[in-house]
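**Q** return atomic coordinates for the entry below.
(2 chains)
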There are 2 protein chains.
Amino acid sequence: MARIVQKYGGTSVGDVERIKKVAERIKATRDDGNQVVVVVSARSGVTNELIARAKAVCETPSEREMDMLLAVGEQETIALTAMALHGLGVDAVSYTGAQAGILTDTKHTRARIQTIDPKRIEDSLNAGKVVIVAGFQGINADGQVTTLGRGGSDLTAIALAAPLKADKCEIYTDVDGVYTADPRIVKTARKIEEISYDEMLELASSGSKVMQSRSVEFAKKFGVVFEVRSSFNHNPGTIVKEEISSMEQVVVRGVAVDKDQAKVLVSNIPDKPGSAAKVFKALADASIIVDMIVQNVGRNGVANLTFTVPRGDAKKARKTLEPVLAELGGGQVAFQENVAKLSVVGVGMKTHSGVAALLFQTLADAGINIDMISTSEIKISVVLDQDRSDEAARLTHTAFRLD
Amino acid sequence: MARIVQKYGGTSVGDVERIKKVAERIKATRDDGNQVVVVVSARSGVTNELIARAKAVCETPSEREMDMLLAVGEQETIALTAMALHGLGVDAVSYTGAQAGILTDTKHTRARIQTIDPKRIEDSLNAGKVVIVAGFQGINADGQVTTLGRGGSDLTAIALAAPLKADKCEIYTDVDGVYTADPRIVKTARKIEEISYDEMLELASSGSKVMQSRSVEFAKKFGVVFEVRSSFNHNPGTIVKEEISSMEQVVVRGVAVDKDQAKVLVSNIPDKPGSAAKVFKALADASIIVDMIVQNVGRNGVANLTFTVPRGDAKKARKTLEPVLAELGGGQVAFQENVAKLSVVGVGMKTHSGVAALLFQTLADAGINIDMISTSEIKISVVLDQDRSDEAARLTHTAFRLD
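**A** Predicted coordinates:
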């Protein structure tokens, strides 16, 4: 008898018909002789409806009340999923995050899981029940409802798999798994059978939308092997696990394009110690995430900084930087929005040389200009013209033999 | 500084605009220097939507999961109400039934409140906050979500008023208060300023839809004085409180008509000890509430039983009674659905004679036939032809000088 944690996202449980389909899948897993713990999200659309109502009654809703409000989305789904299982003759019980023993810190809307007390789930499993747990939510030491932020349901599933010593953790979503590139852009993209945590993390931070980094980080930290797969078919998905040596035979695991970037040029600032620090501290204080950074010292004692930010934060970055430049005694801010970041990711880079050279040559052969470059041990990212980023992805995919 | 508990029903918080109006009313109460605890229901329609989804995934949803599901309705409203208050600059915090310390027994969908630990509410009031509590729900000793059944939010408000030692308890609804008769039927009906618990209870059990009996019973038991009033205007409502002697000057407080009745005739059953008991035990086992009962001993050793049941239970009553009659060795069941129950209620009846005589004479003068009669210390009920029940209500209202 294996113990399996399954997570179904919002589109998988989007309406009562889909909930019934999910219940059939859960029943099949159970009928195979497994103990099953299921984590579900709110029905797709529900969270947005709730947020719209919140904004309609109050311009800036408090985070504490936002958590109280949003937690209802998952609570509805767990009850309906348990009922759908009852309808199929399967004994099942639903638990809120609090009831499932998910204790978090006090940071509303972005709480971190502190401990999990799986006793109630264990007892129910041992009593022969399927256990349905509300994703995305927990409770803090003061008894307040908290939520885990974006991707919170994935995190709930992975975090539960560890103390429950689950044999498998399956993340059901609306895609088949992790691909070597976005199949909508690169027709020859293939599903990846196995990927390491680090590769998955680099892909996530490079614009691949499959999962949030924090869930993968949690899985890596606690050694939770999980599979990303579709709830709409029975195809095998992508297994995410600790790196094994055979993985290094593949130089590049995947290509990701992030079009949600804007390039910021801060030019002609006085070149003195602490100038750059002031710029980036101001951005951090404004919760703007800065990605790639290049600094050049110009002539005449001035320096230029170039970096990328999420496109939605561009305006906020300008407003944040203008007073900083005034304080520094000079400089201009310019934006370029028509950019994209292309990344190649693979643990094989550690042992293979020439990856950067091949990438640059491929783009140069096509006459695609590289604007910025940044590298990590298992990733190379370049910023280029967004109009040519799809073409660049296809060429790169072919060049690294991913087709 | 007074302490006030307010309860707003589903129509009062039906959408975001109404929630904002309710928030303004709460703010006004608070600005008058009061401590305010607010109990809210689910937005009108939400509970029915949730029930429809439950029925769509499972024919007979479990009561435990039904409670988990339905509790989300109120949780949404408390968060939105707290946010709306924040939008008006009022410090407020929302609590679920569990967080508010409402401990119930384990009877899902119809749980009874066992104890209330108001510490968290007290602390928040003392910290200067308005406290918003989810009506209708609690938690049992095992940490399971429970709901209190119909009229549960009224019960939450009244049950909280007792341990909080509230100076006032206001039940806001979509009617102005308790009337001497249903104003849609009796044009001359007037709002009652003060009514005793017992009169309110008799009116509730006689078809007046303002409140469920259990909330009034709870208020009576713990001496909670409450006011029923409208959230859509600022008119004073009806105060419900312990009987005081001046109340007895009014012979009849109100006239109620209950059209949701069916008359059941069980005829020609063997007249031996225990026959009637068997009939009523079978009905009780089937959870059918029997109201007025008349028994006649017929000739030839057979007896006839006549009683009323809620109309929706008529078919179930037939199915329940057929095997009982077979077991008793004879008898027929017949139904009459076109009936109504008219009741006159008033504590003044205790000290005034001639009430029954005046009622019967009034109906007789109009040629309205009385089918069954039952009386209590403060109520007289008659069953009559439903087609003439509105007319009977008007005549009775006039006869007892309620116009």
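
**Q** give the buried residues for whatever helix or strand A:Lys27 lives in.
**A** Using DSSP states H and E, A:Lys27 sits within helix A:16-31. Buried residues in helix A:16-31, counted by 16 or more other Cβ atoms under 10 Å in any protein chain shown: A:16, A:18-23, A:25-27, A:29-30. For every residue, glycine as well, the C-beta is placed using N, CA and C.

**Q** and of those, the nearest to chain B?
**A** Nearest to chain B out of these is A:Val16 (Cβ to the nearest Cβ; 4.2 Å).

**Q** can you report how many residues neighbour A:Gly254?
**A** Counted by other Cβ atoms under 10 Å in any protein chain shown, the residues lying close to A:Gly254 total 28.

**Q** and A:Gly346, what does it touch?
**A** The neighbourhood of A:Gly346, defined by Cβ atoms under 8 Å, 6 or more residues apart in numbering or on different chains, consists of A:199, A:250-254, A:355, A:378.

**Q** same thing with A:Tyr172?
**A** Neighbouring residues of A:Tyr172 by Cβ under 8 Å, 6+ apart: A:6-9, A:12, A:22, A:25, A:229-231.

**Q** switch the cut-off to 6 Å
**A** By Cβ atoms under 6 Å, 6 or more residues apart in numbering or on different chains, the contact set of A:Tyr172 is A:8, A:12, A:231.

**Q** tell me which of these fall in strands.
**A** Of the contacts of A:Tyr172, the ones assigned to strands by DSSP state E are A:Tyr8.

**Q** any idea whether A:Glu49 is helix, strand or coil?
**A** helix (DSSP: H, G, I helix; E, B strand; the rest coil).

**Q** show me the contacts for it.
**A** Shown in contact with A:Glu49 (Cβ under 6 Å, 6+ apart): no residues.

**Q** what separation is there between it and B:Val57?
**A** 20 Å (Cβ to Cβ, to the nearest Å).

**Q** what does chain A put close to chain B?
**A** Neighbours of chain B within chain A, by Cβ under 6 Å from any Cβ of the partner chain: A:16, A:19-20, A:53-54, A:56-58, A:61-62, A:65, A:68-69, A:72, A:75-76, A:79-80, A:82-84, A:86-87, A:94.

**Q** residues near A:Glu59, how many?
**A** A:Glu59 has 10 neighbours, counted by other Cβ under 10 Å.

**Q** if we can go back for a sec, in helices, which of the contacts of A:Gly346 appear?
**A** Residues of the contacts of A:Gly346 located in helices (DSSP state H): A:199, A:355.

**Q** hmm, back to that, quick one: buried ones out of the contacts of A:Tyr172?
**A** A:8, A:12, A:231.

**Q** what residues are up against the first one?
**A** The neighbourhood of A:Tyr8, defined by Cβ under 6 Å, 6+ apart, consists of A:22, A:40, A:172, A:231.

**Q** which residues does it bridge with?
**A** Counting by DSSP bridges, A:Tyr8 is bridged to A:Val40, A:Tyr172.

**Q** relative to B:Ser62, how far out is it?
**A** With Cβ to Cβ as the criterion, A:Tyr8 and B:Ser62 are 20 Å apart.

**Q** try the second one
**A** Distance from A:Ser12 to B:Ser62, counting by Cβ to Cβ: 23 Å.

**Q** try the last one
**A** In this structure, A:Ser231 lies at 24 Å from B:Ser62, with Cβ to Cβ as the measure.

**Q** nearest residue to A:Asp297 in space, please, no chain neighbours.
**A** Asp isn't right for residue A:297; it's Val. Spatial nearest neighbour of A:Val297, excluding adjacent residues (Cβ to Cβ, 6 or more residues apart in numbering or on different chains): A:Ala303 at 5.0 Å.

**Q** go ahead and confirm that neighbour touches A:Pro273.
**A** No - A:Ala303 sits out of contact with A:Pro273 when judged by Cβ atoms under 6 Å, with a separation of 10.9 Å.

**Q** of the two, who's got more company?
**A** A:Ala303 (18 against 6).

**Q** from the buried ones among the contacts of A:Tyr172, which has minimum pLDDT?
**A** Ranked by pLDDT, the buried ones among the contacts of A:Tyr172 bottom out at A:Ser231, which has 91.

**Q** so what's that one up against?
**A** A:8, A:12, A:172.

**Q** what's across from A:Ser230 in the sheet?
**A** Here A:Ser230 sits in beta bridges with A:Thr173, as judged by DSSP bridges.

**Q** quick revisit: which one of the buried ones among the contacts of A:Tyr172 is nearest to B:Glu122?
**A** B:Glu122 lies nearest to A:Tyr8 out of those, by Cβ to Cβ, at 41.1 Å.

**Q** relative to A:Ile132, how far out is the residue in the stretch 151-300 of chain A that chain B sits nearest to?
**A** Closest to chain B within the stretch 151-300 of chain A is A:Ser231: 16.1 Å, counting by Cβ to the nearest Cβ. Here the criterion is Cβ to Cβ. By it, A:Ser231 lies 15 Å from A:Ile132.
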